[in-house]
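J.: need a structure here:
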Amino acid sequence: MVAVIHVSRRFHNVLNYNEKKVSEQVAVCLEAANYPKNATDLSFSQKLKRLENQASLNERTKVNCIHISLNFEPSEQLSDSLLKDIAAEYMDKIGFAGQPYLLYRHNDAGHPHVHIVSTNIRNDGKRIELHNLGKNQSEKARKEIEMKYGLMRPEDSKNKQRYELNPVNVQKVLYGKAATKRAVTTVLNKVISEYKFSSLPELNAVLKQYNVAADRGTESSRVNQNNGLVYRILNERGEKVGVPIKASDFYNKPTLSFLQERFKINEPQKAIHKSRLKNAIDFALLKKDNQTLKSLVTALGRDGINVILRENEQGFIYGLTYVDHRTKCVFNGSDLGKSYSAKAIMERCSANQSQANKDTAKRNSERLPMDSVSGILIHELLRQEYTGDTMPFDLKKKRKKRKRISND
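T.: Residues are numbered from 1 along each chain as shown. Sure, this is the predicted structure:
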């Protein structure tokens with residue numbers, strides 16, 4: 001997670017920037033914290049007035065508006081509720097607990113990010129010190145939140161970018177066909193030329209990470225029946241937005257027939273990189289902290305391997321796809337072998353959890369008294385009959401004082 005902090009003297013300009021994104025349908029106001037109404041029930045002027053009224057409690061402070069963006073790694077899938085929790089914890093940790101703020105989720109870039117608009121003037125008129133806020137409080141808050149939620153650290157992200165694509169910028173994608181085509185072309189040029197995939201789902205496993213999808217439509221659709229293909233932009237929920245573009249409209253013609261030829265070429269080239277991926281998965285599963293599928297996915301992500309979960313409508317995971325950004329290869333789990341399928345991987349994670357529980361139980365048992373000489377001795381010494389209250393009467397009797405013989 002990367003936090004960027006800006007300060008300003010004009011609430012109107014900052015708020016207008018975010019609200020304009022909302023009107024362009026590339027942002028949404030998730031929350032109006034410490035406001036009298038929900039975000040959906042507030043007008044622009046009401047949102048603005050609340051912040052200006054708070055700031056007016058200290059007219060001597062001119063820089064009273066703070067604008068923060070929290071940026072996350074492109075592969076991280078963060079729900080709106082999770083982003084609200086992260087924003088609330090972040091504001092609390094940097095000393096803004098109880099302050100009114102507006103939280104916006106922006107969808108105009110290839111990575112998840114939110115914007116926070118608030119004021120540093122408290123209810124009592126005192127101001128929150130902004131000097132070195134980013135260097136001190138914000139940096140500490142960032143690290144604590146990353147650890148709690150398992151988020152990618154900036155240093156990990158920098159290493160990852162050595163072998164990962166730049167995410168597609170979908171800004172203004174809803175404006176029309178031309179904008180969508182430019183955004184999709186950027187991704188297709190890189191992915192098709194550099195990555196080795198042998199099926200359309202494998203191609204989409206890569207494209208989806210950059211908000212793009214190759215779409216054949218439903219089986220009854222004209223596109224599907226004519227062996228056609230279109231490309232679509234995806235929003236943060238994986239929903240198709242914007243104008244679909246036919247594959248034949250792109251200059252490099254990434255049509256279905258073209259891709260099918262690529263599948264044949266890529267298949268043997270992928271084979272030589274299987275061992276690297278299998279070893280990475282096996283090594284990650286050796287670590288005791290990888291006891292759940294989520295923790296395994298996080299661990300592989302640090303090694304440049306994205307794991308895409310294939311789920312049905314009920315949320316049941318029926319398949320895994322691995323995207324290795326180092327070798328630029330895409331594999332279905334079952335293609336690597338039975339032990340790398342979704343079912344097998346979840347069983348191996350469960351086995352790790354079971355073993356971890358056994359290890360914990362063993363450590364706890366080792367702390368208990370053993371049936372050894374020392375153990376028995378300790379047990380006996382602690383028995384009730386060895387306490388002072390039950391000491392035999394004879395041992396309790398006071399010794400008689402010996403009479404001193406006088407020399408007189």
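J.: Now do the phi/psi pair for residue 252.
T.: phi -90, psi 0 (degrees, to the nearest 10).
J.: Could I get the contacting residues of it?
T.: Taking C-beta atoms under 8 Å, 6 or more residues apart in numbering, we find residue 252 in contact with 188, 189, 192. Where C-beta positions appear, they are placed from N, C-alpha and C, glycine not excepted.
J.: One more pass at 10 Å, please.
T.: With contact taken as C-beta atoms under 10 Å, 6 or more residues apart in numbering, residue 252 is in contact with 185, 188, 189, 192, 193, 258.
J.: Residue 215 versus that one, what's the distance?
T.: 18 Å (C-beta to C-beta, to the nearest Å).
J.: repeat for residue 257
T.: From residue 257 to residue 215 the distance is 16 Å (C-beta to C-beta).
J.: ok, and for stretch 317-337, which residues are buried?
T.: Burial within stretch 317-337, assessed by neighbour count using 16 or more other C-beta atoms under 10 Å, is assigned to 319-333, 335-336.
J.: start to end distance for it?
T.: Looking at stretch 317-337, the gap from its leading to its trailing residue is 17 Å under the measure C-alpha to C-alpha, to the nearest Å.
J.: go on, stretch 335-350?
T.: With C-alpha to C-alpha as the measure, the ends of stretch 335-350 fall 22 Å from one another.
J.: go on, stretch 128-147?
T.: Distance between the two ends of stretch 128-147: 26 Å, counting by C-alpha to C-alpha.
J.: Not counting that stretch itself, show me its contacts.
T.: When contacts are defined by C-beta under 10 Å, 6+ apart, stretch 128-147 is touched by residues 1-7, 61, 63-64, 66, 68, 70, 72, 85-87, 89-96, 99, 118-122, 151-154, 156.
J.: Apply the buried test to the residues you listed and list what passes.
T.: Burial by neighbour count, judged by 16+ other C-beta under 10 Å, picks out 1, 3, 5, 61, 64, 66, 68, 70, 72, 86-87, 89-91, 93-96, 99, 118-122, 151-153 from the contacts of stretch 128-147.
J.: returning to what we had before: pick out whichever of residue 257 and residue 215 has more residues nearby.
T.: residue 215 (20 against 10; other C-beta atoms under 10 Å).
J.: does the more buried one really touch residue 203, like I thought?
T.: No. With contact defined as C-beta atoms under 10 Å, residue 215 does not count as touching residue 203 (11.3 Å).
J.: Closest to residue 221 out of the contacts of residue 252?
T.: Residue 221 has its nearest neighbour among the contacts of residue 252 in residue 258, at 19.9 Å by C-beta to C-beta.
J.: is it fair to say the closest one lies in a strand?
T.: No. Judged by DSSP: H, G, I helix; E, B strand; the rest coil, residue 258 forms no part of a strand; its state is helix.
J.: In this structure it contacts residue 214, no?
T.: No. If you go by C-beta under 10 Å, residue 258 and residue 214 don't touch, sitting 11.2 Å apart.
J.: So for the two, which sits in the more crowded spot?
T.: Taking residue 258 and residue 214 together and counting by other C-beta under 10 Å, residue 214 has the greater number of neighbours (22 against 14).
J.: Point me to the helix or strand that includes that one.
T.: Taking DSSP states H and E as the criterion, the element that holds residue 214 is strand 212-215.
J.: Over to residue 31?
T.: For residue 31, the element it lies in under DSSP H and E is strand 27-33.
J.: Could you list the domains of this structure?
T.: Following automatic domain parsing, one gets these domains for the chain: 2-159, 173-269, 272-403.
J.: Let me see the mean pLDDT of stretch 273-284.
T.: Per-residue pLDDT over stretch 273-284 has a mean of 88.
J.: Just give me how far it sits from the chain centre.
T.: What separates the centre of stretch 273-284 from the centre of its chain is 23 Å, taken as C-alpha atoms, centre = their mean, to the nearest Å.
J.: Show me what that stretch is in contact with.
T.: When contacts are taken as C-beta under 10 Å, 6+ apart, the neighbours of stretch 273-284 outside the stretch itself are 196, 270, 290, 295-300, 302-305, 307, 320, 322-324, 326-331, 333, 335-337, 339-340, 345, 348.
J.: same thing with stretch 222-229?
T.: Looking at what lies outside stretch 222-229 - C-beta under 10 Å, 6+ apart - the contacts are 200, 214-219, 221, 230, 244-248, 254-260.
J.: now the helices: where do they sit in the stretch 1-150 of the chain?
T.: 11-23, 44-55, 80-93, 139-149 (DSSP state H, counting those that start in this stretch).
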